[in-house]
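Engineer: my questions concern the predicted model and sequence given below.
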Amino acid sequence: MTASRGAPVHTEPLPAPGTPPSPASQRPPTAVVGLSQDQVRGLLGAPAATAAHGTKQTWTYRSGACSVEIAFYYDVTRNGFFALSHHSAGTGSGDCLSRILDSRAS
């Protein structure tokens, strides 16, 4: 279903009043694309490693046997480096960002 201007309409059902949220909905998924370096540092802490590759800066985070590399590029309109992509590797890499966030919270 779409609105009159073609924008998608949110169709996910809302939980019934008084229904406790499911564990998966208690915390939104970890998303870093679009965040500034300060926002990523505030969310995930200091990176385990950093590198510069021409116009790209990468930060690497690790949790157990997985790692996440976040690529930052300079945005001239916002006057700073912002995350454009991230890549996970290692065991359980699909939820590596969540595990890094969980380890920071504990």
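Structural biologist: Received it, and whenever you're ready, just let me know what you need.
Engineer: for the worst-scoring helix or strand of the chain on mean pLDDT, packing partners?
Structural biologist: When the helices and strands of the chain are compared on mean pLDDT, DSSP states H and E, helix 96-105 comes out lowest with a mean of 81. With contacts taken as 3 or more C-beta pairs under 8 Å, 6 or more residues apart in numbering; DSSP states H and E, helix 96-105 sits against helix 37-44, strand 56-63, strand 66-75, strand 80-90. Bear in mind the C-beta positions are built from the backbone N, C-alpha and C, glycine included.
Engineer: switch the cut-off to 7 Å
Structural biologist: When contacts are defined as 3 or more C-beta pairs under 7 Å, 6 or more residues apart in numbering; DSSP states H and E, helix 96-105 packs onto helix 37-44, strand 56-63, strand 66-75.
Engineer: including mean neighbour count, could these go into JSON lines?
Structural biologist: Below are those laid out as JSON lines (neighbours: other C-beta atoms under 10 Å):
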{"stretch": "helix 37-44", "mean neighbour count": "15"}
{"stretch": "strand 56-63", "mean neighbour count": "19"}
{"stretch": "strand 66-75", "mean neighbour count": "18"}
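Engineer: got the CA positions of the least confident helix or strand of the chain in PDB?
Structural biologist: The C-alpha atoms that make up helix 96-105 are tabulated as PDB, following Å, rounded to 0.1, in the frame of the first residue of the first chain:
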ATOM      1  CA  CYS A  96      28.600  -9.000  15.100                       C
ATOM      2  CA  LEU A  97      27.500  -5.400  15.500                       C
ATOM      3  CA  SER A  98      24.900  -6.400  18.000                       C
ATOM      4  CA  ARG A  99      27.400  -8.500  20.000                       C
ATOM      5  CA  ILE A 100      29.900  -5.500  20.100                       C
ATOM      6  CA  LEU A 101      27.100  -3.300  21.400                       C
ATOM      7  CA  ASP A 102      26.100  -5.900  23.900                       C
ATOM      8  CA  SER A 103      29.600  -6.300  25.200                       C
ATOM      9  CA  ARG A 104      29.900  -2.500  25.600                       C
ATOM     10  CA  ALA A 105      26.700  -2.300  27.600                       C
END
